[in-house]
Every structure is written in C-alpha cells, then in structure tokens.
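Q: Quick check, what structure comes out for this input:
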Amino acid sequence: MSAPSNISPVVIEVDESSFGQDVIQRSREVPVIVDFWAVWCGPCRTLGPILESLAREYAGRFVLAKLNVDENQALAAQYNIQGIPAVKAFRDGKVAAEFVGALPRAAVRQFVEKLMPNGADVAVAAARTLLQAGKAGEAAARLRAVLVDSPDHPAALLGLAEAELAGGRDSEALAILDRLPTAEAARLRRAIALRQAVGEASEADLCARLAANADDLSARYALGSLLSLQDRYEEALEQFLENVRRDRGAERNRAREAMLHLFDILGDDPLARQYRNRLASLLFA
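A: Okay, the predicted model is just below:
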C-alpha cells in the first residue's frame, strides 16, 4: 500500500499508519471528517467531490481525510463500516457524528455546520494554545470563565485539569477529572499516579535502592514512573516489565497498568507493539 499523500492542506489521504496522527490527534484541534470510500463505489464518486468542495470552501475550519477501505480493511472493520460511502466526523479524538450514503450537497453542508465550534469551543482552543506555551495560569483563568456559562463543557474541564496538573496541583486536577468519565481523563489520572509514585526521589536514589535490592518493586515502579515522565519510554517499559516478571500480586497489576498507559501514549509506535508482545508472553505464559 502506498503512503498517503496530501491532496491539499484541507483534503488529505490517510491510511492505517497515519490515522492516529492525522485524524485522532488532529481532531483535538479542528474537526476531521473521514470519507470512507473505494474506487469501485459509484455513490462515492458523487459524495467525494461534494465533501472536497466544502472542505475548500470552509478553508481549514475542518479537515477532510479520505480513507480507501479496500486498502485499509482493519480500520474499516474497527469503525464498523458496512456500507460506503460512509462518513464519520471526529472531534476531540472521538466520533462526533456520522452518516452513510451519498447525501445531497445541502444535507452535507448541514452536517458540516453542526460540527463547527461555538464560542465556548473557540475560547477553549485559545486556552489550549496558552497551555501549550507554558502559560498554565492564564489558560486556567480562561477555562474557568468558559465553565461559568458551560459548567459541563468536557474540553474545558479537561483543559483545566491539565492546567492544574501543569501547575503542580494534583488534588485539584483529580477533583476535576472525577467529573469526566473519558479516556482522556483516565490518561491524566494515570499520569498523576506516576508523578505521585516518584515523589521527591531522584533517579540516582532509585537506582541505588535497586542496586542494593533488586526485589525492591516499589523503587523499580518509581524509577519506571520517573523515566516515563521524562519521555524515556523504552527504559520505563523495561522497568515496569521487570516488575511484571518478578511479582504475581498488586505490584504486577500496577506495573501492567503503567505499561498500558505508555502504550496509549505511543500509539502505533513499533516500541509499543514490541512491549505489548513481551507483556502478553509474561501474562499468558
């Protein structure tokens, strides 16, 4: 299968290798509409140009990602594509709306309009830009303002939790995350747990503890947590895997959960596949 190529800045081709980045991750910034199509599909040739025309008309307010189902059957199965053309719109990493069949242009436009961000969404996006620039305090203030009028806005709640976490206020972040039963919230809870496991310990301290006692599972878990927070994922996975190997109780489960957290971060990275296989061989041997 050939690598996907950009048709234009707002119309792109995606495949199984790029879907995570170009659809799931990109949808956290702007709506991404995925057109599941095939060369042999007549209605696809009717709907495709309509979607592409609207993508150019909206000039970046959404991205159209075209996915050939014949060349990406695993993704088609994952998203339960049983008929084409099938269109799924992603926002914040999840399917937000969908339809099947070649709708007329007016109906497709109506579908697109419902995806466009409102005032609260725009304010949250601006706050996220501040957060990414390291201005957690300013971001938190803007997000709290959004939540005054929209107290259950999921993206604002998640952003505020991230801002609290960036400011070192773990308990405040956890209180916000309790209101969000989402995968993103679960990811942040695990990140907080890893940071709390490290505490004030340094890498040198933890390595010294393990040199004195290789069965110090708490030190090994803290070392893996520290390494993961430094984005040293392979070293972290090795430490967690060793705890899985050495323990059959609570520490094994804690290490396994930490590995699953890193797999979520790594996505389709070959490192994740390698350690998934190694973890499975230990758990199911």
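
Q: which strands and helices sit next to whichever helix or strand Glu234 is part of?
A: Element membership for Glu234, per DSSP states H and E: helix 233-246. If you count contacts as 3 or more Cβ pairs under 8 Å, 6 or more residues apart in numbering; DSSP states H and E, helix 233-246 packs onto helix 217-229, helix 250-266, helix 270-283. Quick note: C-beta positions are derived from backbone N, CA and C, even for glycine.

Q: Make TSV from these and add mean neighbour count to it.
A: Shown next, in TSV, are the helices and strands packed on helix 233-246 (neighbours: other Cβ atoms under 10 Å):
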stretch	mean neighbour count
helix 217-229	22
helix 250-266	18
helix 270-283	13
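
Q: Which one, of the ones you listed, ends up nearest to Ala173?
A: Nearest of those to Ala173, taken as Cβ to Cβ: helix 217-229 at 14.9 Å.

Q: roughly how far out does that closest one sit from the chain middle?
A: Distance of helix 217-229 from the chain centroid (Cα atoms, centre = their mean, to the nearest Å) equals 23 Å.

Q: and that helix, average pLDDT?
A: On average, the pLDDT along helix 217-229 is 93.

Q: Equivalent analysis for stretch 42-62, please.
A: If you average the pLDDT over stretch 42-62, you get 94.

Q: Other residues contacting that stretch?
A: For stretch 42-62, the external contacting residues (Cβ atoms under 8 Å, 6 or more residues apart in numbering) are 7-11, 30-33, 35, 37-38, 63-64, 66, 84-85, 87, 89, 101-103, 105, 108-109, 112, 115-116.

Q: Which of the residues in that stretch are classified as buried?
A: By neighbour count on 16 or more other Cβ atoms under 10 Å, the buried set for stretch 42-62 is Cys44, Leu47, Gly48, Ile50, Leu51, Glu52, Leu54, Ala55, Tyr58, Phe62.

Q: That concludes my questions; thank you for your assistance.
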